[in-house]
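Asker: only geometry, no sequence info:
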């Protein structure tokens, strides 16, 4: 079981201790009619929620079992008797013991929690959950979505014509948020991405911006066209086409909009805001800081690393151009944030990795995504120090970028400017350069194969490097690597002495090794 971070565990220990005291008191004061079921259920639910937040699944499962018993008592499906009382008291006692072991949770604690949970499940079995079903869009749902998308397109056109009309802005925000709440929207790409992009473009107006910029105007215009095409498809009984030319224009517009916000996201070390002299300065360095900059960086970057891992998963699942463009933009923004955060804490290795990964990751290249996922997992795990592994990745050759792009969506290629760090944003995933000659064939293929085979044949007489002598790598019989006779007996005695010295119960693996050694001794 994976527990939460140190600060979260500290809070959980305090919260759980208070809940267990309340549960203990309720059971101790219970008479023949039983404890107050409402209070019992409330404290158990509170304990389960706190354990879930701390990622203590075994602890949360046991608290949930106590909650189910309390609910059964409240609903009258379970009667109060000495057996139920004993089971609840035993569960609370076990939870108290387990609370002292949450920082060093192991198989023993997990088995203890599971066993007590199974005891309570026999009193109040968990309700089985049916299989989750994907939301279906029926005829009525399709008509509703088409109507809402059409109304949203009209509101966008009105705001573009009268950008100072606050009433139109409020109407547009209401329609966007209403569509965002429809689960079926995700099953009809690119509608979900378009609605999310419109909401993102409206944020400057929500923060008080007085005018609509050219980039915002282009997003609204592209969204209007794409919504009109999607509405027509829905009313015809078809699904929206995520590869339509309007989708390409919308992706390009969103990339331009993201470029306007790059400089505003910059974070710089506070030391750069002062003169480079001895002071006096407004901020002074603490003589005994409670933590090092590296420790603060590790805590600061955990949530960002988890966000990066989620984006990598979204990138691997993205299928249409709008979804891929949205993930590329978010990956670029997250990588810029990671680099700026690393710069502010003087974490050079992390900053260099974010900079090196930017272009490949925002093009959703598999090699770069795999490296980014690995580094994000290292940064999300608070134990250990990942800097050594990140430095090793930096010293290794970067994954190669492709020389040939994907097929161009209908409507022509999208603009793909080369991203410049700190000043540009990931561009839409679109077409690259296509080889006009095509694969070799005929005489050209014959000549190419002949040249390659002839070149390989010359390596025997003209090697590319001088031969290097290698050490003797003769095979060693496997019997020489086994314990036999006296050696096996001495190894068995050493294992026995180790058990006695540690005064601990032998593990199953150690017993298996001991018995195997005895078999080897007996075979001589």
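Answerer: Good, I have the coordinates. The model shown is predicted, which means the values in this text are computed figures rather than measured ones.
Asker: If you tally nearby residues, what's the number for the residue nearest to residue 346 when sequence neighbours are not counted?
Answerer: Closest residue to residue 346 apart from its sequence neighbours, by Cβ to Cβ, 6 or more residues apart in numbering: residue 293 at 6.5 Å. C-beta here means a position set from N, CA and C on the backbone, and glycine is covered the same way. Close neighbours of residue 293, defined as other Cβ atoms under 10 Å, add up to 14.
Asker: can I assume residue 293 is in contact with residue 344?
Answerer: No - contact criterion Cβ atoms under 8 Å: residue 293 and residue 344 do not qualify, at 9.0 Å.
Asker: Could you identify the helix or strand that succeeds the lowest-mean-pLDDT helix or strand in the chain?
Answerer: Ranked by mean pLDDT, DSSP states H and E, the helix or strand of the chain with the weakest confidence is helix 442-458, at a mean of 61. Sequence-wise, the next helix or strand downstream of helix 442-458 (DSSP states H and E) is helix 485-502.
Asker: Might you calculate how far the helix or strand following that following helix sits from the centre of the chain?
Answerer: Under the assignment DSSP H and E, the closest C-terminal helix or strand after helix 485-502 is helix 508-523. Centroid separation for helix 508-523 versus its chain: 44 Å, with Cα atoms, centre = their mean, to the nearest Å.
Asker: ok, now stretch 93-113?
Answerer: 28 Å.
Asker: If you count neighbours, what's buried in that stretch?
Answerer: 94, 95, 98, 99, 102, 105, 109, 110, 112, 113 (16 or more other Cβ atoms under 10 Å).
Asker: got those residues as CSV, with secondary structure columns?
Answerer: What follows is the buried residues of stretch 93-113, written out as CSV (DSSP: H, G, I helix; E, B strand; the rest coil):
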residue, secondary structure
94, helix
95, helix
98, helix
99, helix
102, helix
105, coil
109, helix
110, helix
112, helix
113, helix
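Asker: from the residues you listed, which is closest to residue 71?
Answerer: Relative to residue 71, the closest of those is residue 95; by Cβ to Cβ it sits at 17.6 Å.
Asker: Return the distance of the closest one relative to residue 52.
Answerer: 14 Å (Cβ to Cβ, to the nearest Å).
Asker: same deal with residue 144?
Answerer: 36 Å.
Asker: what helix or strand is residue 93 on?
Answerer: helix 82-99.
Asker: tell me how far that helix is from the chain's mean position?
Answerer: 36 Å.
Asker: Packing partners of it?
Answerer: Applying 3 or more Cβ pairs under 8 Å, 6 or more residues apart in numbering; DSSP states H and E, one finds that helix 82-99 makes contact with helix 6-28, helix 57-75, helix 107-123.
Asker: The shortest one to helix 57-75, inter-axis angle?
Answerer: Between helix 107-123 and helix 57-75, the angle comes out at 20 degrees (axes from the mean of the first three to the mean of the last three Cα atoms, to 10 degrees).
Asker: can you list contacts of helix 107-123?
Answerer: 1, 58-59, 61-62, 65-66, 68-69, 72, 78, 84, 87-88, 90-91, 94, 97-98, 101 (Cβ atoms under 8 Å, 6 or more residues apart in numbering).
Asker: what do you get if the cut-off is 10 Å, keeping everything else the same?
Answerer: 1, 56-69, 72-73, 78, 83-84, 86-88, 90-95, 97-98, 100-102, 105, 126 (Cβ atoms under 10 Å, 6 or more residues apart in numbering).
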